[in-house]
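**Q** Turn this into a model:
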Amino acid sequence: MHITLREADYLGPTNPVIALYLPHRPEGLDELVAAPDAGRLMENNSNHWRKIVTLLAKIASPQEEWRSFRDDELFERTALCFTPHLKRLPGWHWIGGKENLQRFSIEGLNAQPLRGAPEVALDVEKRILLTPYPDYRQLSNATVAEIRKALDHTGFYTKR
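**A** Alright, predicted model coming up:
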């Protein structure tokens, strides 16, 4: 009898402040699940994953200085999820990319575009953030600043 292991679909704590949902997994995810580490994830994968992890840190960090947050606390406070449905988590759900969003069935989604970044939308009641795919070309520093401002208005950075 052949037993297949289920691929890991989640990396991070059980109570993240935000979980980023993506359609594909990084290399070495199974090993990282036991001991999540942003540095190892970036070392074992392409620059593409460095960008994703950095953007997650830029948005989730409670301070403007995101580098130490990324390197020291990222997977203590945030998560990566690879399922096409929202997990039952206490924090925000960030779905990155239009194609990725099409994998989800979210009833009653009422995401409103941000005034300063209309390609980004928030459903504050459901705590859902919708953005283009997390890449520097799509999520510039100006767009990240607008996202941080909108999340700050919801109390995201003070409700820790």
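
**Q** Strands of the protein, start to end?
**A** Along the chain, the segments classed as strands by DSSP state E run 10-11, 18-21, 78-81, 92-96, 112-114, 117-123, 128-131.

**Q** Where in this structure is the helix or strand with the lowest mean pLDDT?
**A** Lowest on mean pLDDT, DSSP states H and E among the helices and strands of the chain sits helix 29-34, with a mean of 90.

**Q** Packing partners of that helix?
**A** Applying 3 or more Cβ pairs under 8 Å, 6 or more residues apart in numbering; DSSP states H and E, one finds that helix 29-34 contacts strand 10-11. Every C-beta, even on glycine, is put in place using the N, C-alpha and C of the backbone.

**Q** List the buried residues of the least confident helix or strand of the chain.
**A** Leu29, Leu32 (16 or more other Cβ atoms under 10 Å).

**Q** Any idea what the most centrally placed residue in the chain is bridged to?
**A** The centroid of the chain falls nearest to Leu20 when counting by Cα atoms, centre = their mean (2.2 Å). Taking DSSP bridges as the rule, Leu20 bridges to Leu80, Trp94.

**Q** Hmm, it is touching Asn100, no?
**A** No. The pair formed by Leu20 and Asn100 falls short of the contact definition of Cβ atoms under 8 Å, at 10.1 Å.

**Q** what's near enough to touch the nearest residue to Ala38 once chain neighbours are set aside?
**A** Nearest non-adjacent residue to Ala38, counting by Cβ to Cβ, 6 or more residues apart in numbering: Leu74, 4.4 Å away. Residues near Leu74 by Cβ atoms under 8 Å, 6 or more residues apart in numbering: Pro36, Ala38, Val53, Leu56, Ala57, Ala60.

**Q** and of these, the nearest to Asp152?
**A** Asp152 lies nearest to Ala60 out of these, by Cβ to Cβ, at 12.1 Å.

**Q** Number of residues surrounding the closest one?
**A** The number of residues packed near Ala60 is 27, by other Cβ atoms under 10 Å.

**Q** Return the residues in contact with it.
**A** So Ala60 contacts Val17, Ile18, Phe69, Leu74, Arg77, Thr78 (Cβ under 8 Å, 6+ apart).

**Q** cutoff 10 Å now
**A** Going by Cβ atoms under 10 Å, 6 or more residues apart in numbering, Ala60 touches 16-20, 66, 69-70, 73-74, 77-79, 91-92, 94, 148, 151, 156-157.
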